[in-house]
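S.K.: Need a 3D model of the following:
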Amino acid sequence: MTTLEREQALAPITVPAWTWLVVVLALAVVWALTLENGMVLAKSAGTLHEFFHDARHFVGVPCH
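M.R.: Below you'll find the predicted structure:
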């Protein structure tokens, strides 16, 4: 292994800032789909609660 190859292998990985936003958004969607039972969404948006409730059944996550 040459010196250049070693430097390239040890170079830090650069992650664009927008990817962190996508990761947070994806985690929020997963949380809403699997764990939200109406404590957050039901007060302001009953339709969203029902959407997530039905999506849980579609994905196979037990919620009852």
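S.K.: pLDDT wise, what is Leu21 at?
M.R.: Per-residue confidence (pLDDT) for Leu21: 95.
S.K.: centre of the chain versus the helix or strand hosting it, how much separation?
M.R.: Assigned by DSSP states H and E, Leu21 belongs to helix 17-34. Centroid displacement of helix 17-34 relative to its chain, using CA atoms, centre = their mean, to the nearest Å, is 3 Å.
S.K.: And for stretch 13-30?
M.R.: On CA atoms, centre = their mean, the centre of stretch 13-30 falls 8 Å from that of its chain.
S.K.: Tell me which residues of that stretch come out buried.
M.R.: Across stretch 13-30, burial judged by 16 or more other CB atoms under 10 Å covers no residue at all. In this view, the C-beta of every residue, glycine as well, is placed from N, C-alpha and C.
S.K.: next one: stretch 53-64
M.R.: For stretch 53-64, the neighbour count (16+ other CB under 10 Å) marks His53, Arg56 as buried.
S.K.: Alpha carbons of the helix or strand containing Glu5, in PDB - could you do that?
M.R.: Per DSSP H and E, Glu5 falls inside helix 3-9. In PDB, the C-alpha atoms belonging to helix 3-9 read as follows (Å, rounded to 0.1, in the frame of the first residue of the first chain):
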ATOM      1  CA  THR A   3       1.400   6.500   1.100                       C
ATOM      2  CA  LEU A   4      -1.300   8.000  -1.200                       C
ATOM      3  CA  GLU A   5      -3.500   5.000  -0.700                       C
ATOM      4  CA  ARG A   6      -3.100   5.100   3.000                       C
ATOM      5  CA  GLU A   7      -4.000   8.800   3.100                       C
ATOM      6  CA  GLN A   8      -7.100   8.200   1.000                       C
ATOM      7  CA  ALA A   9      -8.100   5.200   3.200                       C
END
